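Visitor: Got a sequence here, can you model it:
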Amino acid sequence: MKPFSLVWVAGLVATLGFSGPVMAQNLDAAWLAGKWQGDVQIPRVPPIPVRILVKADGTFEGEAQDPRFGLSPLLDGKWEIAGDTVKFDYRIDLQTRNGRMTSQPRWTLKRDGEDLVGTGLNPATSAQWDMALRRAK
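Guide: This is a model prediction of the structure:
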């Protein structure tokens, strides 16, 4: 094979190889806006169902149904896209056995097909969890 042909074939393989599922999927406000639902998977705790409404203006509202604390609204929800990741920040007030507790978790999620998957972090306690959201019907 001639050197030019090898370069052309290598270029074609590189182009096809990197244009498939390896590339980041489109993540923008138009795709993200709407109703989502899913579960927060905290170790040693039953799954916590969450429902959110993402608005195109960079805000969201929602609720979590924690088996330990009951139904709690997600307050002051804001989101931002950073590359192939969307970060959700909010405040949640929980009524615990020891009184009211306020937390400000962050979800860091990536698009996986038509779903969002990733992790959550509570900076106050360093608790981390896995989570996934899918479009609500």
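Visitor: contacts, neighbours, all on C-alpha from now
Guide: Will do.
Visitor: Quick check: closest non-adjacent residue to the residue sitting nearest the centre point of the chain.
Guide: What sits nearest the mean C-alpha location of the chain, by CA atoms, centre = their mean, is L109, with 2.7 Å. Nearest residue to L109, sequence neighbours excluded (CA to CA, 6 or more residues apart in numbering): G118, at 4.3 Å.
Visitor: again with N122
Guide: P105 (4.4 Å).
Visitor: now that neighbour: how far from G113?
Guide: Between P105 and G113 the computed distance is 25 Å (CA to CA, to the nearest Å).
Visitor: quick one: which of those two has more around it?
Guide: Taking neighbours as other CA atoms under 10 Å, P105 and G113 compare with P105 leading, 20 against 11.
Visitor: Now do the phi/psi pair for that one.
Guide: Torsion angles at P105 (phi, psi; degrees, to the nearest 10) stand at phi -70, psi 170.
Visitor: For this structure, just list every one of the strands.
Guide: Remark: strands assigned in the chain by DSSP state E are 34-41, 48-54, 59-66, 70-82, 85-96, 99-103, 106-112, 115-122, 127-135.
Visitor: Please convert the ones you listed to CSV, extending it with mean pLDDT and distance to D28.
Guide: What follows is these, written out as CSV (pLDDT from 0 to 100; distance: least, CA to CA, whole Å):
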stretch, mean pLDDT, distance to D28
strand 34-41, 96, 12
strand 48-54, 97, 12
strand 59-66, 96, 14
strand 70-82, 95, 7
strand 85-96, 92, 9
strand 99-103, 87, 27
strand 106-112, 96, 10
strand 115-122, 96, 12
strand 127-135, 95, 15
